[in-house]
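Colleague: This is the structure alone, sequence omitted:
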């Protein structure tokens, strides 16, 4: 990390955490007031227990200008980097929120695009943590909207914890990003009766080769005590402890791992936010930030840790990875989902709409008319290739309830064949024109019949502003919004609708994703997802 980067990094603002899974190591500290959570120097604390000297092997860093080896130090300024979204582009912002009868829970995290091991790791942790918290409050996890200020927002955007006497939050900060390497600091806070009662923090890393681990995995397990010894040395050198103090003597192996999990790699070495005064389980009432130079910790690093340090020092442009527009995995039991759907295409407007959705990485479901598919096969192939969902909207848009059985089947079957001929796969869903179906019609076709919960009436061309306001405002969790990519106003309104839904806290999902990829039985009529 060069000087220009160091000037841009911001402070180590503490956001506390409760870890409900092994991803974030740590145990609950005693109740402490938020005012105690600070960065920098605590009051001088004397322990009076001698600390054994720790051997330091040579490493690749040189000596300073006075011929001295770099020393561990307490950081009094802004030592932990915080990358703004534009400095680590391409990450997908995630938001899960719930307002219970007497509590609020908000979780924000970011993942690389598409399905990745790093994303699965964080998704799984968040799901476990929020569900355990809700259960502890006597409730099942039910995602909601209009809870978190700013909604989904940019990836790891800086926001405060939720308000209220009883609150739970998970927040994220990108602290390292170089080439494919990513470091994301996850912080979680639990507040009861207005007082912070538990907290954990950990940096999760994706190495250049795709290996995963947290801050504790940077070091060889047998050297954890030596790293703690250097932390004690820094506290002594910073006049926060008397010579010979051994503050980490009673820390358990699990507690040591909890402390080291919050290790941020920088070009100079490693920055650790040390819980203080430290307890045996690795928790504390506030944090003291310590910088350990690379020459000191280098001999103790694993191959994983050295690859992270090498990548940070290379300071390459961040590469989040690549995946189709609509390929991000979504768990609609964890986040509040809504589906935007478009009927009657493909048309000459569809590619412009796809451009808008690609710019915002927004998935959609397109119900295609079979009679138009052959006119624009490239558009249909592009829609499928970008991960959007394709559905059947009949061949010629008739009212199916007014047709005999053989014609109903023909309308659907011809469209199935046309879409499969272009994309290689036939749809699993059909949307009846005008929403018109009955038990007879649905029994004739072994597909899921999808209608809607919000009819925007965009075919009336109400104006972009009115269309946007209605589509955003009328949506509810599990909603399916009906629009048509045959109208210029609809295509023009797409960006505002996507942004507005996300500002309320919605996660966009295809209709199929709302059912976790397991659709209801054929012949089922659905107007909502989860």
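Modeller: Right, received. Where do you want to start? As the structure is a computational prediction, the values presented were derived from the model and not from experiment. Residues are numbered from 1 along each chain as shown.
Colleague: Would you list the phi and psi of the closest residue to residue 435 other than its chain neighbours?
Modeller: Take residue 435 and drop its neighbours on the chain: the residue closest to it by CB to CB, 6 or more residues apart in numbering is residue 451, 4.6 Å away. C-beta coordinates here come from the backbone N, C-alpha and C atoms, glycine included. Main-chain dihedrals, residue 451, degrees, to the nearest 10: phi -110, psi -130.
Colleague: Verify the stated contact: residue 451 with residue 525.
Modeller: Yes: contact criterion CB atoms under 8 Å: residue 451 and residue 525 qualify, at 6.7 Å.
Colleague: between these two, which one's more packed in?
Modeller: Taking other CB atoms under 10 Å, residue 451 and residue 525 do not tie; residue 451 has more neighbours (18 against 15).
Colleague: how about the more buried one, what does it touch?
Modeller: Counting by CB atoms under 8 Å, 6 or more residues apart in numbering, residue 451 touches 431, 432, 435, 480, 482, 525, 526, 527.
Colleague: before we move on, what about residue 147?
Modeller: Residues near residue 147 by CB under 8 Å, 6+ apart: 97, 98, 99, 104, 106, 162, 505.
Colleague: which stretches of the stretch 401-530 of the chain form helices?
Modeller: Taking DSSP state H, counting those that start in this stretch as the criterion, the stretch 401-530 of the chain carries its helices at 405-423, 439-444, 464-474, 488-503, 511-514.
Colleague: what is the rounded mean pLDDT of the second one?
Modeller: Averaging pLDDT along helix 439-444 gives 98.
Colleague: Bridging across strands, which residues link to the residue nearest the centre of the chain?
Modeller: Nearest to the geometric centre of the chain sits residue 110, at 2.8 Å (CA atoms, centre = their mean). Residues found in beta-bridge contact with residue 110 (criterion: DSSP bridges) are residue 93.
Colleague: show me where pLDDT drops low in this structure?
Modeller: Filtered on pLDDT under 70, the chain yields the residue ranges 1-69.
Colleague: show me where it has helices.
Modeller: Under the criterion DSSP state H, the chain contains helices at 3-8, 117-136, 224-237, 253-260, 294-297, 303-314, 350-359, 370-373, 377-385, 405-423, 439-444, 464-474, 488-503, 511-514.
Colleague: Residue 89 is nearest to which of the ones you listed?
Modeller: Taking CB to CB, helix 350-359 is the member of these nearest to residue 89, at 12.7 Å.
Colleague: Residues contacting the closest one, please?
Modeller: In this structure, residues lying in contact with helix 350-359 by CB under 8 Å, 6+ apart are 325-326, 342, 362-364, 366, 376, 379, 382-383, 386, 388, 485, 490-491, 494-495, 498.
Colleague: if you set the cut-off to 6 Å instead, what comes out?
Modeller: Contact with helix 350-359 is made by 325, 364, 379, 485, 491, 494, 495, as judged by CB atoms under 6 Å, 6 or more residues apart in numbering.
Colleague: buried set for that helix?
Modeller: Neighbour-count burial for helix 350-359 flags 350, 351, 353, 354, 356, 357 (criterion: 16 or more other CB atoms under 10 Å).
Colleague: which one of those residues sits closest to residue 115?
Modeller: Set against residue 115, the nearest of the buried residues of helix 350-359 by CB to CB is residue 357 (19.0 Å).
Colleague: Which among the helices of the chain is found nearest to residue 88?
Modeller: Minimum separation from residue 88 across those (CB to CB) falls at helix 3-8, 11.9 Å.
Colleague: how about the buried residues of helix 350-359 in JSON lines, adding distance to residue 394?
Modeller: Supplementary listing: the buried residues of helix 350-359 in JSON lines, determined by distance: CB to CB, whole Å:
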{"residue": "350", "distance to residue 394": "18"}
{"residue": "351", "distance to residue 394": "23"}
{"residue": "353", "distance to residue 394": "21"}
{"residue": "354", "distance to residue 394": "22"}
{"residue": "356", "distance to residue 394": "26"}
{"residue": "357", "distance to residue 394": "24"}
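Colleague: Would you list the phi and psi of the residue of the chain most remote from its centre?
Modeller: In the chain, the residue that sits farthest from the middle, by CA atoms, centre = their mean, is residue 404; the gap is 49.4 Å. Phi and psi for residue 404, reported as degrees, to the nearest 10, are phi -70, psi 170.
Colleague: contacts for stretch 292-310?
Modeller: Among residues not part of stretch 292-310, those counted as contacts by CB under 6 Å, 6+ apart are 56-57, 59, 61, 70, 72, 205, 207-208, 211, 213, 217-220, 223, 230, 265, 269-270.
Colleague: Just the buried ones from these, in ChimeraX syntax?
Modeller: For anyone working in ChimeraX, the buried entries among the contacts of stretch 292-310, judged by 16+ other CB under 10 Å, can be selected with:
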select :56,59,70,72,205,207,208,213,217,218,219,220,223,230,265,269,270
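Colleague: domains of this protein?
Modeller: Here the domain parsing of the chain from automatic domain parsing is 3-52+70-314, 337-526.
Colleague: if you look at the contacts of residue 147, which of them are in strands?
Modeller: 97, 98, 99, 104, 106 (DSSP state E).
Colleague: show me the residues around residue 93 that make contact.
Modeller: Taking CB under 6 Å, 6+ apart as the contact definition, residue 93 lies against 110, 152, 155.
Colleague: Compute the number of surrounding residues for the last one.
Modeller: So that's residue 155. One way to gauge burial is a neighbour count; for residue 155, by other CB under 10 Å, it gives 23.
Colleague: picking up where we left off before, to residue 170, which of the helices of the stretch 401-530 of the chain lies closest?
Modeller: Ranking the helices of the stretch 401-530 of the chain by proximity to residue 170 (CB to CB) places helix 488-503 first, at 18.2 Å.
Colleague: what angle separates that closest one from helix 464-474?
Modeller: Here helix 488-503 runs at an angle of 40 degrees relative to helix 464-474 (axes from the mean of the first three to the mean of the last three CA atoms, to 10 degrees).
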